[in-house]
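*Asks:* Kindly return the folded structure for what I paste below:
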Amino acid sequence: MDSVTKLQDQVQRRLDELVATELGIQVAVYHRGELVVDAVAGTTSDTLFYSASTGKGAAATVVNVLADRGVLEYDAPIADLWPGFAANGKEKATLRHVLTHSVGLPALAPDTTLEDLTDWTKVTSYLAAAEPWWEPGTKMTYHALTFGYLAGEIVRRATGRRISDVLREIAEPLGIADEVYFAVPRDQHHRVATLVEPDGAEDTFAMLADLFAKVIPPGLTARAAHCTRPDQLAAEIPSEGVLTARGIAKLYAALIGAVDGVRLVRPEAVAKITGPALTAPDELLGHPATLALGYAIGRLGSTAEESPTSFGWPGMGGSVAWADTRSGVAFALTKARFDPTQSASAIEIGTLVAKALC
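*Replies:* Here you go, the predicted model:
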């Protein structure tokens, strides 16, 4: 048995054990452009999963592809594209500041509702008029929901198109246009998995709501029931993603190398996009953060120092996608058990893959 077949079998066996608690789970791994693991249990490879902030990696990739094509500039003022954004001291804020979560706009309006999240103009107009928490670029904190709206509006201003439409254009040559979404078309809603919260999770959700209270208004903490509401699925919310493990893994694989003859960016751009762009303490969460241009550096379950050539995003609920530029590995895991602080499966399987390939 060759090593690739062995890894597929190892991952599949573990998913078959985990499915009793995870309910439905997908894992996909690309290695130097080849799909080497496509394992599922309790679901199919084509099922879409709401994967929370794992979708940020797709939004960042859209932005970086456009920058590599010369459509966007990392260090040009955002106000050059979006004049209203200059309000309240943001005239020097740049795309780099958005990508490194240092632009100083982590908070939505205190009265924002779930329904408001579906109103693109309302949210982006608020952000354009808002006063930043600090001079852009001088500090950072995780922009949990605002990141996607900021990136998406910059893309819209530069291209005249929704970020969802640009994502689809980028994904089509890879054959994954129907596997990675921000806004899910109504005729695809039937493919979205039902999420299930673990028993006894109310205290955990309450803790998260309290932790993010300064930036996410009450009632907007992601919950299984509202994440897959038809209006939320159909809305353009690029801080989140609805995707397959295979789709997001392939997107990462094509960012760091060629897949089926397709490269998303020039080879010489990869290091600039995926290398350290900012290291700073997170002003809200308190921990140190090392960020690339739109991704966190370090594999889930290890630090940036331990895995400096890995980058990606985990999602609240237990999903994750990451890639490693040194080994050429791209990894993703999605699942139906929506556990807000439990990433054990993603860490365990990701570590198994890293030990085998990285």
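
*Asks:* In whichever strand or helix holds A206, which residues are buried?
*Replies:* When elements are assigned from DSSP states H and E, A206 belongs to helix 202-211. Judged by neighbour count (16 or more other Cβ atoms under 10 Å), helix 202-211 contains these buried residues: 205, 208-209. In short, each C-beta sits where N, CA and C put it, glycine included.

*Asks:* and if you look at stretch 181-200?
*Replies:* 181-184, 191-193, 195, 197.

*Asks:* which outside residues touch the helix holding A206?
*Replies:* Helix 202-211 is contacted by residues 197, 216, 218, 221, 223, 285, 316, 340-341 when judged by Cβ atoms under 8 Å, 6 or more residues apart in numbering.

*Asks:* Let me see the ranges of the helices in this structure.
*Replies:* Counting by DSSP state H, the chain has helices at residues 3-22, 56-68, 95-99, 120-129, 146-159, 163-171, 202-211, 224-227, 230-234, 245-256, 270-274, 344-357.

*Asks:* could I get those helices as JSON lines with mean pLDDT?
*Replies:* Below are the helices of the chain laid out as JSON lines (pLDDT from 0 to 100):
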{"stretch": "helix 3-22", "mean pLDDT": "93"}
{"stretch": "helix 56-68", "mean pLDDT": "98"}
{"stretch": "helix 95-99", "mean pLDDT": "98"}
{"stretch": "helix 120-129", "mean pLDDT": "98"}
{"stretch": "helix 146-159", "mean pLDDT": "98"}
{"stretch": "helix 163-171", "mean pLDDT": "98"}
{"stretch": "helix 202-211", "mean pLDDT": "83"}
{"stretch": "helix 224-227", "mean pLDDT": "87"}
{"stretch": "helix 230-234", "mean pLDDT": "95"}
{"stretch": "helix 245-256", "mean pLDDT": "98"}
{"stretch": "helix 270-274", "mean pLDDT": "98"}
{"stretch": "helix 344-357", "mean pLDDT": "95"}
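
*Asks:* for those helices, which one ends up most surrounded?
*Replies:* helix 245-256 (a mean of 29; mean count of other Cβ atoms under 10 Å).

*Asks:* Looking at the buried residues of stretch 181-200, which one is closest to G70?
*Replies:* Proximity of those to G70 was ranked by Cβ to Cβ; the top entry is F182 with 23.4 Å.

*Asks:* State the distance from the closest one to T112.
*Replies:* 18 Å (Cβ to Cβ, to the nearest Å).

*Asks:* Could you find which two of the contacts of helix 202-211 are furthest from each other?
*Replies:* Pairwise distances across the contacts of helix 202-211 (Cβ to Cβ) peak at 22.7 Å, for the pair E197 and L285.

*Asks:* Next, the contact list for the residue nearest to the spatial centre of the chain, please.
*Replies:* What sits nearest the mean C-alpha location of the chain, by Cα atoms, centre = their mean, is K56, with 2.4 Å. Remark: with contacts taken as Cβ under 8 Å, 6+ apart, K56 is in contact with 147-148, 238-241, 294-295, 313.

*Asks:* and if you look at V37?
*Replies:* 7-8, 11, 27-29, 353.
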